[in-house]
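Peer 1: any chance you can model this:
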Amino acid sequence: MHYRNNIKILFDLRNLHLTISVVIVALVAIIYGFLPNLLFDVTVITPDENSIFKALMGLYFSFATLWVLGLFNKKYWQMATLTNFLFMFGLAFGRIVSLCLDGFPSPVFLFGTIGELTLGCYALYQLNNHKIK
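Peer 2: Down below sits the predicted model:
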């Protein structure tokens with residue numbers, strides 16, 4: 001019975017932005033940390049470059065952890081949703097600035113920007129419609 005409640009929580013529309021974000025951000029964290037050239041046209045050679053990607057991995061895992069807390073503990077839901085909104089819009093903002101200044105990136109980044117804007121808008125919608133008391 002407990003297993004069914006967890007599945008219900010994960011696929012509740014109120015939590016959909018957090019569920020999708022946890023899966024995607026955790027996968028991207030692993031890629032950034034260990035295989036950055038798998039999806040992206042980058043070559044990581046120096047320890048400093050590796051450190052940057054490992055730090056991004058840690059940052060992404062930290063946010064994913066907060067979002068998991070928000071999924072399973074109501075007192076963290078609002079904070080998880082707010083940080084999800086800020087995280088997604090922050091990434092999208094940076095990508096849009098890069099698009100304007102640096103030109104078009106690979107399709108993976110364009111798709112990511114659309115996904116970040118979509119998840120950010122959905123998080124904002126949920127924040128406005130589900131106030132935790």
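Peer 1: in this structure, where is pLDDT below threshold?
Peer 2: Low-confidence segments of the chain, defined by pLDDT under 70, are located at 1-10, 132-133.
Peer 1: can you give me the helices in this structure?
Peer 2: 2-11, 16-34, 47-72, 74-102, 107-129 (DSSP state H).
Peer 1: next, count neighbours for residue 27.
Peer 2: 12 (other C-beta atoms under 10 Å). For every residue, glycine as well, the C-beta is placed using N, CA and C.
Peer 1: what distance do you get for it to residue 74?
Peer 2: Using C-beta to C-beta, to the nearest Å, residue 27 is found at 26 Å from residue 74.
Peer 1: go on, residue 127?
Peer 2: 14 Å.
Peer 1: if you count surrounding residues, which of those two has more?
Peer 2: residue 127 (17 against 9).
Peer 1: so that one touches residue 83, yeah?
Peer 2: No. Assessed by C-beta atoms under 8 Å, residue 127 is found out of contact with residue 83, at 10.8 Å.
Peer 1: what sits against residue 126?
Peer 2: 14, 17, 81 (C-beta atoms under 8 Å, 6 or more residues apart in numbering).
Peer 1: so what's residue 113 up against?
Peer 2: Counting by C-beta under 8 Å, 6+ apart, residue 113 has contacts 91, 92, 95, 96, 99.
Peer 1: chain neighbours aside, what residue packs nearest to the third one?
Peer 2: Looking back up the chat, that one is residue 95. Sequence neighbours aside, residue 113 is the residue nearest to residue 95 in space, at 4.4 Å (criterion: C-beta to C-beta, 6 or more residues apart in numbering).
Peer 1: ditto for residue 131
Peer 2: Nearest to residue 131 is residue 78, by C-beta to C-beta, 6+ apart, at 7.8 Å.
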